[in-house]
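Engineer: Just to be clear, the model below is a prediction. Sequence and coordinates:
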Amino acid sequence: MSLSRPATAMPSAVTDKHCHLLDLPVELLQRITNLLDPHETLPAVRLACKVLDDVSFERFARTSFSVVSCCIFYEQRWLRLKEILDGPSRITERIEHVNLTICVSENIDSTELQLAPTAVDTDVPLEDVQILVHEAQDEARTEDITYPPNFALMSRVLRDVERVLPPGAVTLNLIQGHTRNWTNYQIEAHCEALLTMASTQAELRIRSLYLSPNSMLGLDRSLAHLRQETLRCTSELKMFKLFRPLGYEVVLELDDMKTLNHMCEILRSATELHSQHFSLGFVNNFKKSATIARNL
């Protein structure tokens, strides 16, 4: 009598490729995808299949495209913005605002910075490490600013903004971020190029204008040769901010008041202006600060 071992199924590759996650109701799938990180995990999940793309698209579009930022120093950033504006309507229809900025990190908060695991002191709070890394990256990127500005590319992209977006969907954020290189002539040249290109677009209207001392002087030079065009471009301005960045120690000498008068002229001509923020620490006496208030 021979004894034989019972037959057993040999391990084999899983043949059922159906993802049971997809059997869940759409509402539940949407709740799950709403919990995912919008910058890394969510875009990856969208690529898995059409079902997950459909259920996560609204949140993906809202977090990634409702506000599109573009650092004006780099051609690749302008080209990226142009690619978005030339994209499918389901993307462009969800763009509410374009932020043209001189912040090299495109105004991304340091808390959003993803850090690889390192052997840093675990006693140092993560937020402090993120700030230090963020500042170091900004300083390094500033050194890569190219000169001269690409006027033709700026003009083409701004025409696309006019074509795709409703009027008043643009912010010019000319306040620098962490970088301390306030007097970099390349930065000033790009700011003046942007102001010139924006003013020469017949249908472009600026919704928000944020200036620092240097960019305020650049606006003054723009008004010298494009006064009517600049006033038309800012005629529907809704928000204005004059801000002295952290670390800015230069005191402006505004004895002739021409620069302040030009700024006030823009604000007076903006009939829809409803929000103004001033950081007047860089003005060297209270009399000049009071002049701004009287002129407004």
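Structural biologist: Yep, it's here. Please read these numbers as outputs of a predicted model, since none were measured by experiment.
Engineer: burial measure for the closest residue to Ala169 other than its chain neighbours, as a count.
Structural biologist: The spatial neighbour of Ala169 that comes closest, neighbours along the chain excluded (CB to CB, 6 or more residues apart in numbering), is His97 at 5.5 Å. Quick note: C-beta positions are derived from backbone N, CA and C, even for glycine. Residues near His97, counting by other CB atoms under 10 Å, number 16.
Engineer: Can you pull the phi/psi pair for His97?
Structural biologist: Note on His97: its backbone torsions stand at phi -160, psi 140 [degrees, to the nearest 10].
Engineer: again, but for Leu165
Structural biologist: Main-chain torsions, Leu165, degrees, to the nearest 10: phi -100, psi 160.
Engineer: check contacts around it.
Structural biologist: By CB atoms under 8 Å, 6 or more residues apart in numbering, the contact set of Leu165 is Ile95, Val98.
Engineer: Report pLDDT for the residue nearest to Ala169.
Structural biologist: Note on His97: pLDDT of 91.
Engineer: Would you mind measuring from it to Leu165?
Structural biologist: According to CB to CB, to the nearest Å, His97 stands 8 Å off from Leu165.
Engineer: Looks like Val104 contacts Phe73 (just checking).
Structural biologist: Yes: using CB atoms under 8 Å, Val104 is in contact with Phe73, at 6.8 Å.
Engineer: ok so, going back, does the residue nearest to Ala169 really touch Cys70, like I thought?
Structural biologist: No: assessed by CB under 8 Å, His97 is found out of contact with Cys70, at 11.5 Å.
Engineer: any residues in contact with both of those two?
Structural biologist: Counting by CB under 8 Å, 6+ apart, nothing touches both His97 and Cys70.
Engineer: Show me what counts as buried in the strand or helix carrying Glu188.
Structural biologist: Assigned by DSSP states H and E, Glu188 falls within helix 185-199. Buried residues in helix 185-199, counted by 16 or more other CB atoms under 10 Å: 187-199.
Engineer: okay, now the domains of this protein?
Structural biologist: 22-65, 67-115+123-295 (automatic domain parsing).
Engineer: Show the residue spans covered by the helices in this structure.
Structural biologist: With DSSP state H as the criterion, the chain has helices at 26-33, 41-46, 50-65, 75-85, 89-92, 126-142, 151-164, 185-199, 213-233, 258-269, 286-295.
Engineer: Of the ones you listed, which is nearest Met239?
Structural biologist: For Met239, the closest of the helices of the chain is helix 258-269, at 10.9 Å, according to CB to CB.
Engineer: The closest one vs helix 213-233, what angle?
Structural biologist: Note on geometry: by axes from the mean of the first three to the mean of the last three CA atoms, to 10 degrees, helix 258-269 and helix 213-233 are set 40 degrees apart in direction.
Engineer: helices or strands next to helix 258-269 in the packing?
Structural biologist: helix 213-233, strand 239-242, helix 286-295 (3 or more CB pairs under 8 Å, 6 or more residues apart in numbering; DSSP states H and E).
Engineer: Dump the ones you listed to TSV, plus mean pLDDT and distance to Ala44.
Structural biologist: Shown next, in TSV, are those (pLDDT from 0 to 100; distance: least, CB to CB, whole Å):
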stretch	mean pLDDT	distance to Ala44
helix 213-233	81	38
strand 239-242	89	35
helix 286-295	55	50
